[in-house]
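next comes the sequence, and after it the predicted model I'd like to discuss.
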Amino acid sequence: MSVERKKLCNIVFEGTVPLEIIVYAAITNCKPKKKFPYPVKMKIYYGPRCPACRRLFMYVIDTAGIEALALSIEFPKYKNRIKELVGEVVTPVFELHNGAVLRGCPIEYEEFNRRLLVALKGEITRGIVKPGKRVI
């Protein structure tokens with residue numbers, strides 16, 4: 001059985017796309033407000049009704065240079081993957097292409113941006129569960 005994927009801006013969803021994100025994409029016309037200094041690929045494990053997940057999706061839509069695959073905990077395989085990564089099922093959890101694992105989504109966009117930079121450097125800070133291999 002194949003899972004249907006839906007592309008919205010720079011995010012490909014496997015699972016329910018939160019209505020607020022569909023509306024946000026329409027309002028912003030998928031035009032990013034900022035550009036991240038490095039290309040970033042990430043997998044986002046999310047819950048369709050999770051407020052922090054919706055904020056994270058808005059940050060990703062607002063940022064040029066990020067490509068995301070959003071994987072819903074509606075599917076047991078993604079719940080199990082979250083358990084492997086952080087030990088319990090919480091959302092959002094995201095994996096960067098360098099292997100870094102981050103948990104949660106900060107309230108402020110600038111903090112989100114800073115955590116991404118730190119994780120890409122292979123360092124650890126608040127919200128980073130596992131630092132990745134340095135790519136910068």
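Received, thanks.

is V93 in a bridge, and if so with what?
Counting by DSSP bridges, V93 forms beta bridges with Y45, R103.

what about R5, neighbour count?
For R5, the neighbour count with other C-beta atoms under 10 Å is 11. Just so you know, the C-beta spots here come from the backbone N, C-alpha and C atoms, and that holds for glycine as well.

dump the residue contacts of the residue nearest in space to the middle of the chain.
Of all residues in the chain, the one closest to the mean position by C-alpha atoms, centre = their mean is I44, 3.8 Å from it. Contact criterion C-beta atoms under 8 Å, 6 or more residues apart in numbering gives 11, 53, 56-57, 60, 68-71, 92-94 as the residues in contact with I44.

identify the farthest-apart pair in the residues you listed.
Between any two of the contacts of I44, the greatest separation by C-beta to C-beta is 15.3 Å, found for I11 and V93.

now the strands for the protein?
5-8, 11-14, 34-46, 63-72, 93-96, 101-103, 128-130 (DSSP state E).

need these in TSV with mean pLDDT and distance to F112, can you?
As requested, the strands of the chain are arranged in TSV below (pLDDT from 0 to 100; distance: least, C-beta to C-beta, whole Å):
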stretch	mean pLDDT	distance to F112
strand 5-8	95	19
strand 11-14	98	15
strand 34-46	96	10
strand 63-72	97	9
strand 93-96	96	10
strand 101-103	95	9
strand 128-130	88	12
